[in-house]
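[1] pasting a predicted model and its sequence here:
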Amino acid sequence: MTEDLDSVERRAWSAVVTLAMRVPSALDSRLQREFGMTHFEYRVMALLYDAPQHRMRLSMLAERGHGSISRVSHVVSKLERVGWARRQAAESGRGIDAVLTESGQSKVAEARPDYLVAVRKLILDGLDGPQKAELAVLGERLSLHLVRTLGDLDSGRSTLDD
């Protein structure tokens, strides 16, 4: 039988669950209402916007966007339908890149200020400078732990099942 969480672990887990449930939902609602995109779609577009030549290999986009290649491919298909992105053979000749179109670049530039205001209001304004730095360290540490524990999203391999 697994031991129950102690009081500090319960508080920590409760905080993580609250953030994991409420923040994406709030960002999805706002971005969907104002700009016609989900938070994950915005994340994919923002990664492309910031990439050299506004293009990135689908596999790299999945890794940096914290989604599976399948999920990213599905999102890029939607972005293609609305004219915000296109697929193009990688310059190396191997693989497929997603490329943000001019319309997609305009959409990111339009959404980014509102997105940043929402991020600040939802999370950052609730912390002082040292707490923001502490959150950054803890978030990076937990992100690395998740990558090590969950492994490759597309392979289905995970140490969670060990």
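    Arrived safely. Numbers count the residues shown, from 1 in each chain.
[2] remind me what the lengthiest helix in the chain packs against, helices and strands.
    Using DSSP state H, we find that the single longest helix of the chain is helix 7-35. Applying 3 or more Cβ pairs under 8 Å, 6 or more residues apart in numbering; DSSP states H and E, one finds that helix 7-35 makes contact with helix 39-50, helix 102-122. Every residue, glycine included, has its C-beta placed from N, CA and C.
[3] any idea which of the ones you listed is most buried?
    helix 39-50 (a mean of 21; mean count of other Cβ atoms under 10 Å).
[4] mind checking the SS state of the residue lying closest to Ser103 once chain neighbours are set aside?
    Spatial nearest neighbour of Ser103, chain neighbours left out: Gly83 (4.9 Å); criterion: Cβ to Cβ, 6 or more residues apart in numbering. At Gly83, secondary structure determined by DSSP: H, G, I helix; E, B strand; the rest coil is coil.
[5] count the neighbours of Gly83 for me.
    Using other Cβ atoms under 10 Å, Gly83 has 12 other residues around it.
[6] same deal with Glu80?
    16.
[7] flag every buried residue along the helix or strand in which it is found.
    Per DSSP states H and E: Glu80 is located in helix 69-81. Within helix 69-81, the residues that count as buried by 16 or more other Cβ atoms under 10 Å are 71-73, 75-76, 79-80.
[8] and Val99, that's in a helix?
    No: counting by three-state DSSP, Val99 is not part of a helix but strand.
[9] before we move on, back to that, format the helices and strands packed on helix 7-35 as CSV; extra columns: mean pLDDT.
    Listed next are those as CSV, based on pLDDT from 0 to 100:
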stretch, mean pLDDT
helix 39-50, 97
helix 102-122, 97
